[in-house]
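> 3D model of this:
(2 chains)
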Protein chains: 2
Amino acid sequence: MQLLDGKKIAQEIKEEIAAEVLKIKGRGRKAPHLAAILVGDDGASQTYVNSKVKSCEEVGFKSTLIKLKKDITQNELITQINLLNNDDSVDGFIVQLPLPKHINEERILLSIAPEKDVDGFHPVNVGRMTLNMPGYIPATPKGILEIIKRYKIETEGKHCVIIGRSNIVGLPMSILMARKGYPGNSTVTLCHSKTRNLSEETLKADIIIAALGQKEFLKANMVKKGAVVIDVGITRIEDKTRKSGYRLLGDVDFEEVSKKCSYITPVPGGIGIMTVVSLLQNTLSAAKEEYYEKTLRFSVDEDFLP
Amino acid sequence: MQLLDGKKIAQEIKEEIAAEVLKIKGRGRKAPHLAAILVGDDGASQTYVNSKVKSCEEVGFKSTLIKLKKDITQNELITQINLLNNDDSVDGFIVQLPLPKHINEERILLSIAPEKDVDGFHPVNVGRMTLNMPGYIPATPKGILEIIKRYKIETEGKHCVIIGRSNIVGLPMSILMARKGYPGNSTVTLCHSKTRNLSEETLKADIIIAALGQKEFLKANMVKKGAVVIDVGITRIEDKTRKSGYRLLGDVDFEEVSKKCSYITPVPGGIGIMTVVSLLQNTLSAAKEEYYEKTLRFSVDEDFLP
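Below is the predicted model of the structure:
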């Protein structure tokens, strides 16, 4: 069994991005700039956003954190989003989810300009991904693809079973693993809460991606010997022996499954840590206008031509 | 074995649409209006477009056929598309594919206003479909869902195997059959040219959707007894005994497979005939502004409120 070391890969990628930022700045251009909107004071959301801001600093990006009160109206939030949409100094931005219940998340995501939607949640970007056109891929799926690539895991003709059909992980992964190219060209089965005999499906899998959000759900008797196991789950459980007061468990029973599979991602230090790096990659792509030209920019900077 | 009679269902739906058009006209409103752009003189494309125009007449829609020379430039075509985008009298329009090789199809599809994209090929509409948001669903997948619905075929928890991953049939069907709701909630396996041991996959399927474009590909020994078989393929083969000079074959060996399955769509008279009807349904939705409000319309017509 080999560990798919998200921590190591994330560090490698951050160094690559930092080197590219240095080159960009060396040419007299501004650093890529990510903005994040945080509504309310949810503890987990604050932790996530802070880690994104910190990662920006590590690679030399500019970052802006906009904190808004939890009772902000939907229209006020949209006004704030429009400011960022029209701010040429901002390359990409995210609105940290979840939002307070009085705000319609779908409406908010639709109001983000697609060319700055570095979370890749806007229907235009989801559509581009589905159609295999260049565009922002949501952070977690992008992180999974990256780790598969860096470990040169074969995917063509493999049977890939995905557990969970969320819009941010399971469903996009099913599209990405089936499409032409590498990683991809897998025969993909998408399983979910309505799937009968889930073990029958997972036992045939060469690659399993567990993204259902139930701690230690995938047991050794559900996994074929030698399978590649990608664990997307992150559940916090109380642990008074730790300084933080909690520890993290994945959707895979690591203890059992790691003895039977060929590759496995740990939790923590696996996919979770890759998602922040994916966001940095998308922001770099935004700054380089890889997918969209800035509508207000009339001259093309030669440095950014492919 | 029961036949899934596309011809009968298509007729039913046309009558429902015609009744709704009469009601709309009765309220003093204009009939829904579909425009079609045909570039060049490809025989098959002409046949398809003519059948779309004829179906519009049958249900009381207004239709406009715009024929353009095959050497039209890409920019001229986009100019034509922009005229339709900005023409308030047109509810929806399509650009018949394939286009001549000197024109970039992706660029053309991107230039169609999403609210008039009744083919559902624009990334925004593909993204809306992927995210299970209301929107135009491409004609063939929409027709398949409709026939499943009208025959009340159970899909929840069923294993659905799709052969072929095209952007217009296989891939969207894999998304639609897996998503929450009915039809949907199936465990979906998407197979394609890189799939190994295809028979192993199809033999486990409760529902098979064959959309690979190879005549009589699916044989009885690849199908579980009692499966539901949806045949999307249409291949013309020469047949001098027919007046037309040809006959149509599907991707399924109907002779063999029909003896083993519970339901099957014939070719012709199955899915093919449903696709034109789906286009009419999408055009009706466009006229009723079900998914997008017309940006230039400031007063909402009460008749069209839900």
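> from here on, contacts and neighbour counts on C-alpha atoms
Noted.
> Counting neighbours, what do you get for A:N197?
Neighbour count for A:N197, taken as other CA atoms under 10 Å in any protein chain shown: 10.
> Assign the residue of chain A found nearest chain B to one of the three secondary structure states.
Here chain A gets closest to chain B at one residue, A:G127, 3.7 Å apart by CA to the nearest CA. Secondary structure, DSSP: H, G, I helix; E, B strand; the rest coil: A:G127 is helix.
> Any idea how many residues pack against the closest residue to it other than its chain neighbours?
Distance criterion CA to CA, 6 or more residues apart in numbering or on different chains; nearest residue to A:G127, sequence neighbours excluded, is B:G127 at 3.7 Å. By other CA under 10 Å, 25 other residues sit near B:G127.
> what does A:T202 give?
Residues within reach of A:T202, counting by other CA under 10 Å, total 26.
> Now do the helices in the stretch 101-250 of chain A.
A:105-111, A:123-130, A:139-150, A:170-178, A:198-202 (DSSP state H, counting those that start in this stretch).
> Deepest-packed of those, please.
Ranked by mean neighbour count, the helices of the stretch 101-250 of chain A are led by helix A:170-178 with a mean of 26 (mean count of other CA atoms under 10 Å in any protein chain shown).
> what is the rounded mean pLDDT of it?
For helix A:170-178, mean pLDDT rounds to 98.
> list the helices and strands it packs on?
Helices and strands touching helix A:170-178, by 3 or more CA pairs under 8 Å, 6 or more residues apart in numbering or on different chains; DSSP states H and E, are helix A:123-130, strand A:159-163, strand A:187-191.
> Briefly note if the last one comes near chain B.
So the one you mean is strand A:187-191. Yes. Residues of strand A:187-191 are located near chain B by CA under 8 Å from any CA of the partner chain, namely A:187-191.
> would you list those residues in TSV and tack on neighbour count and pLDDT?
What follows is the residues of strand A:187-191 next to chain B, written out as TSV (neighbours: other CA atoms under 10 Å in any protein chain shown; pLDDT from 0 to 100):
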residue	neighbour count	pLDDT
A:T187	28	98
A:V188	31	98
A:T189	27	98
A:L190	27	98
A:C191	30	98
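> from the residues you listed, which two are the most distant?
Farthest pair in the residues of strand A:187-191 next to chain B (CA to CA) is A:T187 and A:C191. Separation: 13.1 Å.
> mind giving me the domain ranges of chain A?
A:26-114, A:139-274 (automatic domain parsing).
> Any part of the shortest one near chain B?
The reference is to domain A:26-114. No. Using CA under 8 Å from any CA, domain A:26-114 stays clear of chain B, coming no nearer than 9.1 Å.
> Now find how far off-centre that domain is within its chain.
16 Å (CA atoms, centre = their mean, to the nearest Å).
> swap in the longest one?
Between the centre of domain A:139-274 and the centre of its chain there are 14 Å (CA atoms, centre = their mean).
> Quick check: end-to-end length of it?
With CA to CA, to the nearest Å applied, domain A:139-274 spans 8 Å between its terminal residues.
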